[in-house]
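Participant: Structure, please.
(chains A and B, ligands or ions: 3)
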Amino acid sequence: MLYIVIAFLWWSILLYLLMGGADYGAGILELLTREGNRAGLKKTAYRAIGPIWEANHMWLIIAVVIIFVGFPDVYSLVSVHLHIPLTIMLMGIIARGTAFTFRNYDAVHDSWHRLYDRIYMYSSFITPMFLGIIAATAISGRIDTDATDFPSGYILNWFNWFPLSVGLFTVCLCGSLAAIFLAGEVPGSDEKWRFIRKAKQMNGLATLFMVLLFVSASLQGIPLFRWLFGNVISLIADVIAAASLAMTWYMIYQSRVKTSRFYAGLMVMSLLISVSYPHFPNIVLLKNGGSLSILDHAAPSATINALGIALLAGSVFILPALVYLIWSFAKKRSVVDEDH
Amino acid sequence: MDDFLAARSQMALSLGFHIIFSCIGMVMPFFMAVSHYLWLRTGNENYKNVTKAWSKGVAIFFATGAVSGTVLSFELGLLWPTFMKHAGPIFGMPFSLEGTAFFIEAIALGFYLYGWDKFNRWFHWLTGVMVGITGIASGILVVAANSWMNSPSGFDFVNGQYLNIDPMKAMFNQGWFSQALHMCIAAFAATGFAVAGIHALMMLRKQNVGFHKASFKISAVFAIVAAFLQPLSGDISAKFVAKSQPAKLAAMEAHFKTDTHVPLIIGGIPDTKKQEVNYAIKLPGVLSWMITGDPAKPVTGLDRILVKDQPPVAVTHYAFQIMVGLGMMMMAIGAIGLAAFFKWRQWLHQPWFLKLFIAATPAGFIAVEAGWTVTEVGRQPWIINGVMRTADAVTPMPGIQYSFYLFTAVYVTLSIVVVFLLKRQIQMVPVIYDKPQLNPAL
Ligand code: HDD
Ligand code: HEM
Ligand code: HEM
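Facilitator: Ligands and ions are numbered 1, 2, ... in the order given. Here you go, the predicted structure:
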């Protein structure tokens, strides 16, 4: 049962990265779009994401609940030492969720909308950035449980180059996911190419940050290179990721944008496998060389069993409903209107 | 402000904020479903407009409720890591089921808000009902988690160790039923009076009377029924508290000395030093009778509780008085409402009648906040009643007061914006709904 719970945790993180990521990405793209072109982007994004955006963010809640019920030591340790980035991320979540709703539901259209838009765009950037920072810090081996002063206990663990570059990489990944997703949602080819151009830029930036990420990892003694290339599973995943990236672009140029989404998703999945496999079961690495293993720090088996059953039973309800939601709005989108 | 006080204040602020949105998220879908049903059945445009206007309000509230809930699930760890480290595996069951409920709620809401004219109209209606049912389910589940903090069960506490964990037993702890029942009814009462009050105000101003009268009637009926059930369920809660948490009951009643024929104290100013209550109305023997069924039986007072285990008496007592007082007032207004619905229908348009409901607009929500203050402050100094002290659960990170200031600023701003948006929504009613045929998609 423990492995089932871990599998659910992993899938929730992946799905949040993909669906929540594309969702944040839409805001990131808006930030990088010239003022004049934003209205069209906003409308497309709203049409495509509106019905499922609440559901997209549920994956984060599921992941958090799995962690605090099933792996309480991990939850409390991370909550204490990453208090500051977590708080910033929460501010991002509050700002983004409310601004998204306000701008779509405020009945009066006036200059307030400029403010909502601004908040929406910046928080779409900040939230995935800090999610990336938090994830990177957890595995960077810089969490110092023995720290005696405030900066080394609560700031320097995350405020350094490796987490920051992972954060920026995450932002670009979200942006390119969104661009590829939205390119398949617009009828006109002009607009489509605008999204494809954005996807290209995002991909380029992601590559840049990837380089930064490797450089900073090696400067800080994080064995990232060994993790990603030093074992068979990660190597295979890397190859699949690279091939998927190539396929994504091939499909885009074949004008099969919807198929390209599949490959983009596959790429993200392989990347996640490649980084999470090598240090499994340790999901938090500490400065003093210790680590929290997800296997050793699980809750007692009665809890894990109950949690596993709850998750399995829940997915029986959730998955069909979610698939039906996505499918039916994808099908009916042509009829979707100028509601708002 | 010290870190411990800041952490408590931040938790109270976040929960006090979230509860408003979750009450609305639990209850409004039912109002919508009724109005939607009436529209599907009668074809009366007013009902359709009411449904659509409400659904936009719900979207705003839902998003705010969802983000504040997401924040809470992190805050439990950010503020109380030691508590979560031990309690997480024990009281986590309701949270993991709640995840499912939220998810279905979010999916159903997607169908409902974006599905107008795209699905079979009864399927569409049903998704709205689903939003309500799953909302209530999450409310019940999360309150079960809270009642575990009040009446912990499902584990053995041996030498500081939490052994033999049984998550199901923890979820169905002794308190879950009375607390969840009381909470659900409270959500209906609070939201019902709030919505009815707003529409009564618009009727008084003679704006779109048809529209507002339809909304008023639906919300007032729910509010009135809930207002009558509330004291009954409160009585069940009080009996439970007397059994499981005598210290809390004593603080609620400002009952200092264990005695028989204990009076029910209404109002008054507790003086903890002298152990007495000044300026109160005392109904002799009534508390003994309410709790035990016999005026001659004793009720435990604060003198039987170690000083270091006593909750703050004044806050708990005032909060309890406020809740009960408002509960009685809401029931009285409910009775007048019933009279108007069944006998004197002309009252429905008389200013005094509308003003009564306008005055009651915030009453339910104030009672909800007061009730939670009773529950949470009355549990102090324990975070897990009798097992773990709140002071031992708090995060070691210094500087929590800055976090508290930040959250305060954010929540105050958000509240202002939500109220502002709601006002704009209501202002737009004449613009949008006076020409109902122009844009059916709205
Ligand atoms: C509309 C709101 C409302 C109204 C009118 C009342 N209550 Fe209440 N009460 C709540 C809203 C509430 C609440 C906010 O929902 C609480 C907090 C925790 C809970 O489960 O419900 C609560 C808690 C609560 C508790 C503590 C339960 C515990 O700690 O386990 C008691 C004893 C009562 N109530 C009793 C009453 C009585 C005797 C009322 C008579 C009129 C009453 N309440 C009206
Ligand atoms: C008595 C207290 C509470 C009640 C009655 C309650 C009820 C609800 C309800 C009905 C919703 C749905 C939101 C809506 O429809 O607007 C909600 C959202 C949420 N609540 Fe609470 N809640 C309470 C306290 C908490 C606590 C303590 C937590 C965290 C540990 C929490 C976590 C959440 C989360 C994560 C969401 C977002 C899920 C969504 O988007 O639907 N809630 N809550
Ligand atoms: C939404 C309705 C709720 C409100 C308004 C509320 C209110 C409060 C208040 C006023 C405090 C501070 C008490 C003090 O320190 O003197 C508090 C503390 C706390 N509450 Fe609640 N509460 C609610 C529901 C819940 C639920 C559902 C949970 C968990 C499942 C919860 C968990 C906590 C925790 C962990 C603390 C901090 C420790 C403590 O003070 O005991 N609360 N809450």
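
Participant: Every contact and neighbour count from this point should use C-alpha atoms.
Facilitator: Fine.

Participant: which residue packs closest to A:Ser315, ignoring adjacent ones?
Facilitator: B:Thr100 (7.7 Å; CA to CA, 6 or more residues apart in numbering or on different chains).

Participant: The one you found against A:Gly314, yeah?
Facilitator: Yes: using CA atoms under 8 Å, B:Thr100 is in contact with A:Gly314, at 5.2 Å.

Participant: more neighbours, the two?
Facilitator: The neighbour count for B:Thr100 versus A:Gly314, taken as other CA atoms under 10 Å in any protein chain shown, is higher for B:Thr100 (24 against 19).

Participant: which element is that one on?
Facilitator: Using DSSP states H and E, B:Thr100 sits in helix B:81-114.

Participant: close to ligand 3, is that helix?
Facilitator: No: Helix B:81-114 stays clear of ligand 3 (CA under 6 Å from any ligand atom), getting no nearer than 7.4 Å.

Participant: Spell out whether that helix and ligand 2 are in contact.
Facilitator: Yes: contact between helix B:81-114 and ligand 2, assessed by CA under 6 Å from any ligand atom, occurs at B:Phe102, B:Ala106.

Participant: if you average pLDDT over that helix, what comes out?
Facilitator: Mean per-residue pLDDT for helix B:81-114: 86.

Participant: And that helix, what does it pack against?
Facilitator: helix A:53-70, helix A:72-81, helix A:301-332, helix B:45-79, helix B:121-150, helix B:167-171, helix B:390-393 (3 or more CA pairs under 8 Å, 6 or more residues apart in numbering or on different chains; DSSP states H and E).

Participant: between those helices, which gets nearest to ligand 1?
Facilitator: With CA to the nearest ligand atom as the measure, helix B:121-150 is the member of the helices and strands packed on helix B:81-114 nearest ligand 1 (6.6 Å).

Participant: Quick check: which ranges of chain A have low pLDDT?
Facilitator: A:50, A:107, A:331-340 (pLDDT under 70).

Participant: just the helices in it please.
Facilitator: Assigned by DSSP state H, the helices in chain A fall at A:2-15, A:21-31, A:38-49, A:53-70, A:72-81, A:83-105, A:112-139, A:150, A:161-183, A:189-219, A:224-229, A:232-253, A:257-276, A:301-332.

Participant: Report the buried residues of the first one.
Facilitator: By neighbour count, and taking 16 or more other CA atoms under 10 Å in any protein chain shown as the criterion, the buried residues in helix A:2-15 are A:Leu2, A:Ile4, A:Val5, A:Ile6, A:Phe8, A:Leu9, A:Trp10, A:Ser12, A:Ile13, A:Leu14, A:Leu15.

Participant: Could you pull out the strands in chain B for me?
Facilitator: Listed in chain order, the strands of chain B (DSSP state E) span B:156-158, B:161-163, B:264-266, B:269-271, B:276-278, B:281-283, B:382-384, B:388-389.

Participant: wait, does the shortest one contact ligand 3?
Facilitator: In other words, strand B:388-389. No: judged by CA under 6 Å from any ligand atom, strand B:388-389 and ligand 3 are separated, with a smallest distance of 7.8 Å.

Participant: Residues contacting that strand, please?
Facilitator: For strand B:388-389, the surrounding residues in contact (CA atoms under 8 Å, 6 or more residues apart in numbering or on different chains) are B:Phe83, B:Gln380, B:Pro381, B:Trp382, B:Ile383.

Participant: Find the nearest non-adjacent residue to B:His212, please.
Facilitator: B:His199 (5.3 Å).

Participant: how many neighbours does residue 257 have?
Facilitator: Unless you meant another one, I'm taking chain A. 22.

Participant: oops, chain B please
Facilitator: B:Lys257 has 16 neighbouring residues, counting by other CA under 10 Å.

Participant: Give the phi and psi angles for the closest residue to it other than its chain neighbours, as a check.
Facilitator: Ranked by CA to CA, 6+ apart and with sequence neighbours excluded, the top spatial neighbour of B:Lys257 is B:Gly301, at 4.7 Å. Note on B:Gly301: backbone dihedrals following degrees, to the nearest 10 are phi -110, psi -180.

Participant: By mean pLDDT, flag the weakest helix or strand of chain B.
Facilitator: Across the helices and strands of chain B, the lowest-confidence element by mean pLDDT, DSSP states H and E is strand B:276-278, at a mean of 76.

Participant: other SSEs contacting that strand?
Facilitator: Where contact means 3+ CA pairs under 8 Å, 6+ apart, strand B:276-278 is packed against strand B:269-271.

Participant: Quick one: list the elements packing against the strand it packs on.
Facilitator: Partner elements for strand B:269-271 (3+ CA pairs under 8 Å, 6+ apart): strand B:276-278, helix B:313-342.

Participant: List the buried residues for the shortest one?
Facilitator: Residues of strand B:276-278 classed as buried under the neighbour-count rule (16+ other CA under 10 Å) are B:Val277.

Participant: can you list the residues that contact that strand?
Facilitator: B:Ala254, B:Phe256, B:Gly268, B:Ile269, B:Pro270, B:Asp271.

Participant: out of those residues, who's nearest ligand 3?
Facilitator: The closest of the contacts of strand B:276-278, once distances to ligand 3 are taken by CA to the nearest ligand atom, is B:Ala254, at 16.7 Å.

Participant: correct me, but that closest one touches B:Gly268?
Facilitator: No: applying CA under 8 Å, one finds B:Ala254 not in contact with B:Gly268, separated by 9.2 Å.

Participant: And those two? Which one has more around it.
Facilitator: A direct count of neighbours by other CA under 10 Å for B:Ala254 and B:Gly268 places B:Ala254 higher, at 29 against 18.

Participant: got a markdown table for the contacts of strand B:388-389, with neighbour count too?
Facilitator: Listed next are those as a markdown table, based on neighbours: other CA atoms under 10 Å in any protein chain shown:
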| residue | neighbour count |
| --- | --- |
| B:Phe83 | 22 |
| B:Gln380 | 22 |
| B:Pro381 | 19 |
| B:Trp382 | 22 |
| B:Ile383 | 21 |
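
Participant: The residue nearest to B:His212: how many residues sit nearby?
Facilitator: 28.

Participant: Confirm for me that it is in contact with B:Val209.
Facilitator: No: if you go by CA under 8 Å, B:His199 and B:Val209 don't touch, sitting 9.1 Å apart.

Participant: re the thing from before, surely the residue nearest to B:Lys257 is in contact with B:His255?
Facilitator: Yes: if you go by CA under 8 Å, B:Gly301 and B:His255 touch, sitting 5.3 Å apart.

Participant: ok, and the closest non-adjacent residue to A:Pro223?
Facilitator: A:Ala217 (7.1 Å).

Participant: quick one: contacts for that neighbour?
Facilitator: Taking CA under 8 Å, 6+ apart, we find A:Ala217 in contact with A:Phe162, A:Pro223, A:Leu224.

Participant: Then B:Thr373?
Facilitator: B:Val315, B:Thr316, B:Ala319.

Participant: can you count the residues close to the closest residue to ligand 1 within the stretch 151-300 of chain A?
Facilitator: Residue nearest to ligand 1 within the stretch 151-300 of chain A: A:Ala299 (27.7 Å; CA to the nearest ligand atom). Residues near A:Ala299, counting by other CA under 10 Å, number 26.

Participant: And the residue nearest to it when sequence neighbours are not counted, how far from A:Thr137?
Facilitator: Spatial nearest neighbour of A:Ala299, excluding adjacent residues (CA to CA, 6+ apart): A:Gly70 at 5.0 Å. Per CA to CA, to the nearest Å, A:Gly70 is found 21 Å from A:Thr137.
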